[in-house]
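Undergrad: Structure here, sequence nowhere to be found:
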C-alpha cells in the first residue's frame, strides 16, 4: 500500500485478512460500470474511472454504459462523446434510415464518409429509424416522388421513370405526370403538395 494517496491494490490485505471476493471485487466491478459526465474537465464525454464526484454518485448522473451516458447528457454531440469515451466508430450507428427534410431524402445512421453508404451521421436518439429507404420515404416524405426519394436515399440511380403516370390538370388540359419527351401526353412532373 502506498502513503502517497495513489489508488493501488495491495494483495497482502486479502491474503492476511478474512476479506471475501464479494467485498473486494464486487465494488471494483460496480465502479467500473458506473459512467458519469466529465463536466469537471470539459471534455464532453463520460468516464468510468471510479472517480465520480460524490455529488454525482447520489444523484441521477450515474449510467450503466457509455452509450446511455452520452445519449442522455451529450446527445447534441453524441459521436464526439462516444469516441472520447473510448468507443470505436464501428460500435455505434446502425445503417438504418432516418429522414433528412433538408434534402427531401433519407440518410443512413452511420459516420459520415463511410464508403458505399449514404451516411448522414449517427441519428440522434429522438429520430425514427427505418430498415429500408422505401419505408423511410413512405412514412416521412410521403409527398415526394418515391422512386426519386429512394434513389437519392440509397445513392443508386432510379430505373423507374420519373413521375407517377397519373393524370393532372395544367390550365384547361389533362396531362400525365411524367418526363418522357417521346410521349406527347406528358406534362412534366406534377408538383407534390
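TA: Here it is on my side, so go on. Everything quoted here is computed from the prediction, not taken from an experiment. Numbering: from 1, shown residues only.

Undergrad: Residue 108 and residue 147, how far apart?
TA: Look at residue 108 and residue 147: by CB to CB, to the nearest Å, they are 18 Å apart. Just so you know, the C-beta spots here come from the backbone N, C-alpha and C atoms, and that holds for glycine as well.

Undergrad: list the buried ones in stretch 115-123?
TA: By 16 or more other CB atoms under 10 Å, the buried positions in stretch 115-123 come out as 117-123.

Undergrad: For the closest residue to residue 96 other than its chain neighbours, grab the count of nearby residues.
TA: Distances taken as CB to CB, 6 or more residues apart in numbering place residue 129 nearest to residue 96, at 4.0 Å, with adjacent residues excluded. By the criterion of other CB atoms under 10 Å, residue 129 has 17 neighbours.

Undergrad: Let me know whether residue 129 touches residue 94 as I believe.
TA: Yes. Counting by CB atoms under 8 Å, residue 129 touches residue 94, with 6.5 Å between them.

Undergrad: which neighbours do the two share?
TA: Common neighbours of residue 129 and residue 94, counting by CB atoms under 8 Å, 6 or more residues apart in numbering, are 109, 123.

Undergrad: In the buried residues of stretch 115-123, which has the lowest confidence score?
TA: On pLDDT alone, residue 122 ranks lowest of the buried residues of stretch 115-123, at 80.

Undergrad: Pull the number of nearby residues for the nearest residue to that one once chain neighbours are set aside.
TA: Distances taken as CB to CB, 6+ apart place residue 93 nearest to residue 122, at 4.6 Å, with adjacent residues excluded. Neighbourhood size, residue 93 [other CB under 10 Å]: 19.

Undergrad: what's near enough to touch residue 93?
TA: Residue 93 sits next to 108-111, 119, 122-123 when contact means CB under 8 Å, 6+ apart.

Undergrad: would it count as being in a helix?
TA: No. Remark: residue 93 does not belong to a helix; assigned using DSSP: H, G, I helix; E, B strand; the rest coil, it is coil.
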